[in-house]
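Student: after the sequence you'll find the predicted model.
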Amino acid sequence: MNKTLLIIQREYSSRVKKKSFLIMTFLVPMLIIGMYALIIVLSIKGGDNIPNVEVIDQSGIFQNGLEDTKAVKFRRSELTLEEAKKKVVNNEDAFILYIPSDIESGGSIEMFSQKKAGLSVISTIDRKLNDLMRIKMLKDAGIDAKTLDSIKPELSVVSKELTVEGEKDSSSAAAMAVGFAAAILIYISLFIYGVQVMRGIIEEKTSRIVEVVISSVKPFQLMLGKIIGIGLVGLTQFLLWIALSGGLMAASSSILLKDKVEKIQSAMPAKAQGMQTNPALNDGPGQGLIKAIQTVQWSYILPVFITFFLGGYMLYSALFAAVGSAVDNDTETQQFMMPITMPLLFTYIMSFSFIVNNPDSSLSFWLSIIPFTSPIAMMVRLPFGVPNWQLALSIVLLIAGFIFTTWIASRIYRVGILMYGKKVSFKELGKWLMYKG
Amino acid sequence: MLSIRNIVKQYANHRALDNVSIEIEKGSIFGLLGPNGAGKTSLIRIINQITGPDQGEILLNGEKLKPSHISIIGYLPEERGLYKKMEIGEQMMYLAQLKGLSKSEATARIRYWFEKMGIQSWWNKKVEDLSKGMQQKVQFIATVVHSPELIILDEPFSGFDPVNAQLITNEILELNSKGTTIIFSTHRMESVEQLCDSIALIHKSKKILDGKVKDIKNKYRNNSYRIAYYGKLDIPENKIFTINDEKFEDDMTHLTVQITNAHTVNDLLNFLIPQVQITELIEIIPSMNDIFIQNVKTS
């Protein structure tokens, strides 16, 4: 066991001492903070570049009803469609919304512009038009304007988390964002650190140090030492990232928020009239983000994240180790990488298309229980609430899973590292599994 | 020191070692010979417990091989290398500690060897900055740093320049004089003649010859002599010898003869002395190379 420790120590210190490790450690939180700051800045400055949409309304239904919003400004246009189209061709900032006269009998509304209109612009216009249309149709159906005005539901769901300690505000959006971010982080880091294990083994093979080392230790010890050492490097990096990002985020948000509060106050009077005031909107996305992040249960998510990262890492890096031992250089790894990357990619895609929408379906359940897919799937399910027994079952199976893959990998590894200059096939890997001692 | 008993190692498609038994005496320099692919490296890996035999057993100092024996064996593999990006000193410390030395012991031993080899200034250098010859010195130190009782060198001189080869040879002889047993695996016969006391020849997974170098050579002597002389020799039909080769060079005649059974070299001299002036008479002892080739061909 002592020797395994020595190997772990070497793998760890040789990597942590590298410049690239230091750079990554500081660069990534900077990037996160940068992105975070950018979101806040953009959300504050978002109004600077609002598209002016010229409306050609031949139906006469909408022209008086279209009010400016945060995302779009509307202007009535007297141009004909032909003239308007010319204008669009000559002016890259022009947006023309064309409403035909036969809109009620199935005509379609068209938007012309050189630049593609943003998704939020389109959806805002869409919503506005539909609202106006609905009002007109209701009026046509005989509901008078007064009744209509009095019916204006203003609903918004405030999510409260109810636990034994009482209720508190929670933001499922923030929890989801954190869960997704964790899933993506696990997905990426399984590859990053798994490939490091593989490269490390290929390096030992090509530099021919491996036979010197395994005359002193068992191949299994060397493999395990490498896996654990690099895993600890990953863990160190994560912890540094979390600490650095947390610190920097706290610092930057206090600076940015101060600036923002002033801005909102000066902007308020102008906008206050005619705008539906809604507390959530007034908060603005920047502040909302910070509030939301504060509601996330870090003390729950972090340990689960670390557990699943480590479990998934151990499981997959063992397989990466087996691949590394079976080949002579990076280019030969391709064929063996497929079976490793497929389940990961599959889970990744499933997570963001299916599990997000059906977190409690039985497929989601199985994906978050099966060791090969659980590290990613479980992180996506986590924000929606996962019963403890499922979490426990998943972790137990993950541990069983990595013991299994480590066993398989060690059988391939002990033969593979002594095979030089030989191209191997899956069939041969199978044979190696069966070799004795 | 080392008893290899009836070792069988079977791979999927071929048998790497077929019932091989070898005895290696303590304090000897033993040559493990054989053409490429004969099974030498397979056997060495079994001795180093890198792989296990399918049948048979190996006793080291009378005990069955066990993991703790690793610390009394030093192994220089044929396929050898070092971590390229690691500093030499750090790397030696790592390898020495893997062999079971404590940190302080390892430091002292490495210092000693670095001084002996005159490479103290390399401690902080990276392996990739060293020439190949320099790396070989470092590898040799890694093999012997834990003062093993048994040193196994697999093709130790492949890639060594003559200066380093001599340096390493001297170190090997010095270690041997202090009682270290050494196993050489090689197909280079010159180094065998120069160094080894005993050998075993492995061919196609089987041991086909073993014993003391002296005994083997004696066995393969066939009473052949090379003679050089001035003057003219009148060679009648005689029963003393047969001529295998005759050459005339620098006013001298060079003869290669084989003395027939029942005669001795003295009979040959008695025949020659009255007639010619002899400048040279040497018994042709077959080189290990010849014995090697002869055995490999006939088996």
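Tutor: Received the coordinates, thanks. Residues are numbered from 1 along each chain as shown, chains lettered A, B, ... in the order given.
Student: pull the contacting residues for the nearest residue in space to A:A326 that is not next to it in sequence.
Tutor: Of all residues not flanking A:A326 in the chain, A:G416 sits nearest, at 4.3 Å (Cβ to Cβ, 6 or more residues apart in numbering or on different chains). Just so you know, the C-beta spots here come from the backbone N, C-alpha and C atoms, and that holds for glycine as well. Neighbour list for A:G416: A:A322, A:S325, A:A326, A:V424, A:W432 [criterion: Cβ atoms under 8 Å, 6 or more residues apart in numbering or on different chains].
Student: host element of the residue of chain A positioned farthest from its centre?
Tutor: Relative to the C-alpha centroid of chain A, counting by Cα atoms, centre = their mean, A:G142 is the outermost residue, at 48.5 Å. A:G142 is located outside every helix and strand, with elements delineated by DSSP states H and E.
Student: and the residue nearest to B:K84 when sequence neighbours are not counted, backbone torsions?
Tutor: Using Cβ to Cβ, 6+ apart and skipping residues adjacent in sequence, the residue nearest B:K84 is B:E128, 4.4 Å away. Main-chain dihedrals, B:E128, degrees, to the nearest 10: phi -70, psi -20.
Student: about what we covered before: the contacts of A:G416: which two are farthest apart?
Tutor: Farthest pair in those (Cβ to Cβ) is A:A322 and A:V424. Separation: 11.0 Å.
Student: these two: which is more packed in?
Tutor: The residue with more neighbours, out of A:A322 and A:V424, is A:A322; 27 against 20, by other Cβ atoms under 10 Å in any protein chain shown.
Student: I'd say the more buried one and A:A409 touch.
Tutor: Yes: using Cβ atoms under 8 Å, A:A322 is in contact with A:A409, at 3.9 Å.
Student: keeping just the C-alphas, turn the helix or strand bottoming out on mean pLDDT in chain B into PDB.
Tutor: The weakest-scoring helix or strand in chain B, judged by mean pLDDT, DSSP states H and E, is helix B:189-195 (a mean of 80). Only the C-alpha atoms of helix B:189-195 are listed here, as PDB (Å, rounded to 0.1, in the frame of the first residue of the first chain):
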ATOM      1  CA  MET B 189      28.600 -13.500 -27.400                       C
ATOM      2  CA  GLU B 190      31.700 -11.300 -27.000                       C
ATOM      3  CA  SER B 191      30.300 -10.000 -23.700                       C
ATOM      4  CA  VAL B 192      29.500 -13.500 -22.600                       C
ATOM      5  CA  GLU B 193      33.100 -14.700 -23.100                       C
ATOM      6  CA  GLN B 194      34.400 -11.700 -21.300                       C
ATOM      7  CA  LEU B 195      32.100 -11.800 -18.300                       C
END
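Student: wait, a strand at B:I22?
Tutor: Yes: the assignment for B:I22 (DSSP: H, G, I helix; E, B strand; the rest coil) places it in a strand.
Student: tally of neighbours for it?
Tutor: There are 21 residues near B:I22, going by other Cβ under 10 Å.
Student: and B:F248, what element?
Tutor: Using DSSP H and E, B:F248 sits within strand B:241-249.
Student: so what's the model's average confidence on that strand?
Tutor: The average pLDDT within strand B:241-249 is 84.
Student: other SSEs contacting it?
Tutor: Where contact means 3 or more Cβ pairs under 8 Å, 6 or more residues apart in numbering or on different chains; DSSP states H and E, strand B:241-249 is packed against strand B:252-259.
Student: please spell out which residues along the strand it packs on are buried.
Tutor: Along strand B:252-259, these residues count as buried under the neighbour rule (16 or more other Cβ atoms under 10 Å in any protein chain shown): B:M252, B:T253, B:H254, B:L255, B:V257, B:I259.
Student: give me the distance from the following helix or strand past it to the chain's centre.
Tutor: Counting by DSSP H and E, the next helix or strand C-terminal to strand B:252-259 is helix B:265-272. How far helix B:265-272 lies from its chain's middle: 37 Å, per Cα atoms, centre = their mean, to the nearest Å.
Student: quick one: the strand holding B:F248 to helix B:265-272, angle?
Tutor: 60 degrees (axes from the mean of the first three to the mean of the last three Cα atoms, to 10 degrees).
Student: quick check: angle from strand B:241-249 to strand B:252-259?
Tutor: 160 degrees.
Student: ok, and what's touching strand B:241-249?
Tutor: B:S224, B:I235, B:T253, B:H254, B:L255, B:T256, B:V257, B:Q258, B:I259, B:T260, B:H263, B:L268.
Student: pretty sure B:L33 sits against B:F292.
Tutor: Yes: the pair B:L33 / B:F292 is scored as a contact, 6.3 Å apart, by Cβ under 8 Å.
Student: higher neighbour count, the two?
Tutor: Higher neighbour count among B:L33 and B:F292: B:L33, with 28 against 21, using other Cβ under 10 Å.
Student: quick check: phi and psi on the more buried one?
Tutor: Per degrees, to the nearest 10, the backbone of B:L33 is at phi -110, psi 160.
Student: tell me the pLDDT of it.
Tutor: 88.
Student: A:T406 versus that one, what's the distance?
Tutor: 40 Å (Cβ to Cβ, to the nearest Å).
Student: dump the residue contacts of residue 219.
Tutor: Using chain A here. Residues counted as contacts of A:P219 (Cβ under 8 Å, 6+ apart) are A:S410, A:Y413, A:R414, A:I417, B:I50.
Student: quick check: the farthest pair among these?
Tutor: A:S410 and B:I50 (14.0 Å).
Student: shaky segments in the stretch 1-150 of chain B?
Tutor: For the stretch 1-150 of chain B, applying pLDDT under 70 flags no range at all.
Student: got the phi/psi numbers for residue 74?
Tutor: No chain in the question, so chain A it is. With angles defined as degrees, to the nearest 10, A:F74 sits at phi -110, psi 150.
Student: that answer is for a different chain, and I need it for chain B
Tutor: phi -110, psi 130.
Student: list the contacts of it.
Tutor: B:G74 neighbours (Cβ under 8 Å, 6+ apart): B:K99, B:T143, B:V144, B:V145, B:H146, B:P148, B:L150, B:I151, B:I152.
Student: please name the nearest non-neighbouring residue to it.
Tutor: B:P148 (3.6 Å).
Student: domain-wise, how is chain B divided?
Tutor: Domain assignment for chain B by automatic domain parsing gives B:2-218, B:223-298.
Student: mean neighbour count, these: which tops it?
Tutor: domain B:2-218 (a mean of 18; mean count of other Cβ atoms under 10 Å in any protein chain shown).
Student: can the helix or strand hosting B:M93 be found next to chain A?
Tutor: With secondary structure defined by DSSP H and E, B:M93 is part of helix B:88-98. Yes: on the criterion Cβ under 8 Å from any Cβ of the partner chain, helix B:88-98 is in touch with chain A at B:Y94, B:L95, B:Q97, B:L98.
Student: which of these sit farthest apart?
Tutor: Within the residues of helix B:88-98 next to chain A, B:L95 and B:Q97 form the most distant pair, 7.4 Å apart (Cβ to Cβ).
Student: for the host helix or strand of A:M378, what does the pLDDT average out to?
Tutor: Using DSSP H and E, A:M378 maps to helix A:374-381. Average pLDDT, helix A:374-381: 91.
Student: how about stretch A:233-245?
Tutor: So the average pLDDT for stretch A:233-245 ends up being 87.
Student: how about it: buried residues?
Tutor: For stretch A:233-245, by 16+ other Cβ under 10 Å, it's A:V233, A:G234, A:Q237, A:F238, A:L240, A:W241, A:L244, A:S245.
Student: make sure the fifth one is actually in contact with A:T25.
Tutor: Yes: using Cβ under 8 Å, A:L240 makes contact with A:T25 at a distance of 4.9 Å.
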